[in-house]
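In: turn this into a model:
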Amino acid sequence: MHAYFDNAATTPLDPEVLDAMLPYLAQHYGNPSSLHGPGRQVRSAIEQARKMVAQLLNAAPSEITFTSGGTEADNYAIFGSVRTLGLKHAVTSPLEHHAVLHPLQALAKGGETELSYLRHDAQGRLDLGHLDELLASHPRSFVSLMHGNNEIGNLNDIVAIGEICARYDAIFHTDTVQTMGHYRHDVQQLQNHFLVGSAHKFHGPKGVGFLYRRGGVEVEPLIHGGSQERNVRSGTENVYGIVGLAKALEIACRDLDDHQRHVQRLKNRFIAQLQAGIEGVQFNGLSAEADQSLYTVLSVSLPPSSISEMLLFSLDINKVAASGGSACTSGAQLGSHVLEALGADPNRPTVRLSMSKLNTEAEVDYAAAQLIKLYEPVAARA
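Out: Residues are numbered from 1 along each chain as shown. The predicted model follows:
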């Protein structure tokens with residue numbers, strides 16, 4: 001058996017999505033900027049995809065811009081907002097994805113904005129009182145706080161964050177890469193100005209994503225050189241990727257409730273088996289709390305042992321695909337900035353098990369058994 005539990009990194013392509021993409025890989029090859037029939041045909045497909053994404057978010061089609069993925073969408077929102085709107089203060093947290101942290105740190109290093117980091121506790125819960133304090137002293141700031149953490153699974157209350165931002169006229173960007181297609185997003189109920197999606201996180205193709213930009217928020221493009229995407233994002237559109245993204249999001253939202261129940265059962269099964277099989281196992285952040293974390297992500301903190309450095313390799317040898325890491329150690333160049341921010345023990349290795357609708361109970365049982373088996377000889381020698 002091969003058990004794939006790295007879905008937070010990328011998900012398998014849904015067969016329905018592939019079927020939707022195939023005509024645009026083969027028969028419909030026109031450039032969407034061309035005025036002839038083949039060009040108009042694929043332009044129509046892009047606009048239908050835009051309408052579908054907008055409908056699923058309760059947005060206007062004009063508020064959707066297709067990108068190369070979540071990283072580009074995050075960068076567009078960050079650089080565009082700070083530079084175009086002249087925002088001299090930004091707020092984020094140390095737990096954000098590097099697609100958010102690195103652009104903000106680059107802007108701060110260049111003197112274009114001042115950067116503040118939100119406080120959090122040892123489980124990664126954000127201190128929203130601190131956010132209120134920061135915005136009270138720096139109104140009209142740029143705020144970037146993710147919805148679901150890709151490493152530890154914590155869910156942040158983006159409704160409450162949006163309400164705080166609205167009180168101080170702040171621009172609110174939220175990285176929704178891990179929650180798009182897994183939770184419902186209604187932008188009429190949120191007070192965010194930007195959110196993002198990346199197709200390969202919800203069983204779509206790699207290399208395509210989108211940015212939702214609330215109407216009335218005008219920012220300079222990140223990429224120049226053409227008039228594509230309504231003069232917002234230059235470059236010939238990834239037509240078959242865009243078609244695939246829209247189909248994948250349509251399927252994800254259509255089947256969302258069933259998939260949530262199925263995957264949460266798998267996650268609960270993992271937790272129970274690992275707690276029973278490995279003495280001293282812990283879970284990073286809030287990933288073991290069903291109502292406070294992504295149902296797709298379980299961050300497992302394992303006891304220190306002689307197999308720590310070879311843990312992921314050993315799982316791979318036994319046909320279990322997962323990701324992992326540990327807190328950065330003093331002077332080290334590699335490690336998880338999220339675990340380090342939480343003050344995690346750098347001697348305890350972490351395995352992130354991330355699940356999807358395609359995983360089965362048999363795969364959970366197999367992966368858990370392989371992980372437990374790696375620790376059995378260690379326990380026997382202790």
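
In: from now on I want contacts and neighbour counts done on CA atoms only, so please keep to that.
Out: Will do.

In: contacting residues for residue 237?
Out: 32, 66, 228-229 (CA atoms under 8 Å, 6 or more residues apart in numbering).

In: tell me the most packed of these, by neighbour count.
Out: Using other CA atoms under 10 Å as the neighbour criterion, residue 66 leads those with 29 neighbours.

In: which stretches of this structure form strands?
Out: Under the criterion DSSP state E, strands of the chain are mapped to 3-4, 64-67, 89-92, 114-117, 142-144, 171-174, 194-198, 209-213, 282-283, 297-301, 320-321, 323-325, 350-354.

In: including mean pLDDT and distance to residue 366, could those strands go into a markdown table?
Out: As requested, the strands of the chain are exported to a markdown table (pLDDT from 0 to 100; distance: least, CA to CA, whole Å):
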| stretch | mean pLDDT | distance to residue 366 |
| --- | --- | --- |
| strand 3-4 | 98 | 7 |
| strand 64-67 | 98 | 38 |
| strand 89-92 | 98 | 39 |
| strand 114-117 | 98 | 41 |
| strand 142-144 | 98 | 39 |
| strand 171-174 | 98 | 36 |
| strand 194-198 | 98 | 30 |
| strand 209-213 | 98 | 33 |
| strand 282-283 | 98 | 20 |
| strand 297-301 | 97 | 16 |
| strand 320-321 | 98 | 8 |
| strand 323-325 | 85 | 17 |
| strand 350-354 | 97 | 13 |
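
In: winner for burial among those?
Out: Of all the strands of the chain, strand 194-198 carries the top mean neighbour count, a mean of 28, counting by mean count of other CA atoms under 10 Å.

In: angle of that one against strand 209-213?
Out: Using axes from the mean of the first three to the mean of the last three CA atoms, to 10 degrees, the direction of strand 194-198 lies 170 degrees away from that of strand 209-213.

In: residue 184: which of the strands of the chain is closest?
Out: strand 194-198 (12.4 Å; CA to CA).

In: switch the strands of the chain over to CSV; also include distance to residue 365.
Out: Formatted as CSV, these follow (distance: least, CA to CA, whole Å):
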stretch, distance to residue 365
strand 3-4, 10
strand 64-67, 38
strand 89-92, 38
strand 114-117, 40
strand 142-144, 38
strand 171-174, 35
strand 194-198, 30
strand 209-213, 33
strand 282-283, 18
strand 297-301, 15
strand 320-321, 11
strand 323-325, 18
strand 350-354, 13
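
In: so which of the ones you listed comes closest to residue 131?
Out: strand 89-92 (8.0 Å).

In: just so I know, which of the strands of the chain lies nearest residue 267?
Out: Taking those one by one with CA to CA, strand 297-301 is closest: 7.0 Å.

In: picking that back up, closest one to residue 260 among the strands of the chain?
Out: Among the strands of the chain, the nearest to residue 260 by CA to CA is strand 297-301 (12.0 Å).

In: kindly export that closest one (C-alpha atoms) in CSV.
Out: C-alpha atoms of strand 297-301 as CSV (Å, rounded to 0.1, in the frame of the first residue of the first chain):
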residue,chain,number,x,y,z
VAL,A,297,-4.2,18.9,8.9
LEU,A,298,-2.7,17.1,11.9
SER,A,299,0.7,18.3,13.2
VAL,A,300,2.2,15.5,15.2
SER,A,301,5.0,16.2,17.7
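
In: which residues are in contact with it?
Out: Here strand 297-301 has contacts from 8, 150-153, 267, 281-285, 287-288, 348-355, using CA under 8 Å, 6+ apart.

In: also stretch 337-344?
Out: Counting by CA under 8 Å, 6+ apart, 94-96, 121-124, 151-152, 284-285, 326-328, 346 sit against stretch 337-344.

In: residue 20 reaches residue 243, doesn't it?
Out: Yes: Residue 20 is in contact with residue 243 according to CA atoms under 8 Å; the separation is 6.9 Å.

In: more neighbours: these two, which one.
Out: Using other CA under 10 Å, the more surrounded residue of residue 20 and residue 243 is residue 243, with 27 against 18.

In: quick check, the more buried one in contact with residue 46.
Out: Yes: contact criterion CA under 8 Å: residue 243 and residue 46 qualify, at 6.6 Å.

In: on that earlier part again, between the contacts of residue 237, which sits nearest residue 14?
Out: residue 66 (20.0 Å).

In: which residues sit in contact with residue 212?
Out: Residue 212 neighbours (CA under 8 Å, 6+ apart): 63-65, 193-196.

In: how about residue 178?
Out: Residues in contact with residue 178 (CA under 8 Å, 6+ apart) are 8, 147-150, 201.

In: so how far is residue 296 from it?
Out: 9 Å (CA to CA, to the nearest Å).

In: so what sits against both of these two?
Out: Joint contacts of residue 178 and residue 296 (CA under 8 Å, 6+ apart) are residue 8.

In: for the protein, which segments count as helices?
Out: With DSSP state H as the criterion, the chain has helices at 15-25, 37-57, 70-84, 98-109, 128-137, 158-167, 228-231, 239-254, 256-277, 311-317, 337-342, 361-381.

In: which of these sits closest to residue 305?
Out: The closest of the helices of the chain to residue 305 is helix 361-381. By CA to CA, the value is 7.1 Å.

In: how many neighbours does residue 278 have?
Out: 19.

In: mind listing what it touches?
Out: Residue 278 is in contact with 372, 375, counting by CA under 8 Å, 6+ apart.

In: could you identify the most distant pair in the contacts of residue 212?
Out: 65 and 193 (13.4 Å).

In: who touches both of the two?
Out: 212-213.

In: before we move on, back to that, redo the helices of the chain as TSV? Include mean pLDDT and distance to residue 2.
Out: Converted to TSV, the helices of the chain look like this (pLDDT from 0 to 100; distance: least, CA to CA, whole Å):
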stretch	mean pLDDT	distance to residue 2
helix 15-25	98	19
helix 37-57	97	33
helix 70-84	98	28
helix 98-109	98	30
helix 128-137	98	42
helix 158-167	98	36
helix 228-231	91	41
helix 239-254	98	24
helix 256-277	98	16
helix 311-317	94	9
helix 337-342	96	28
helix 361-381	85	8
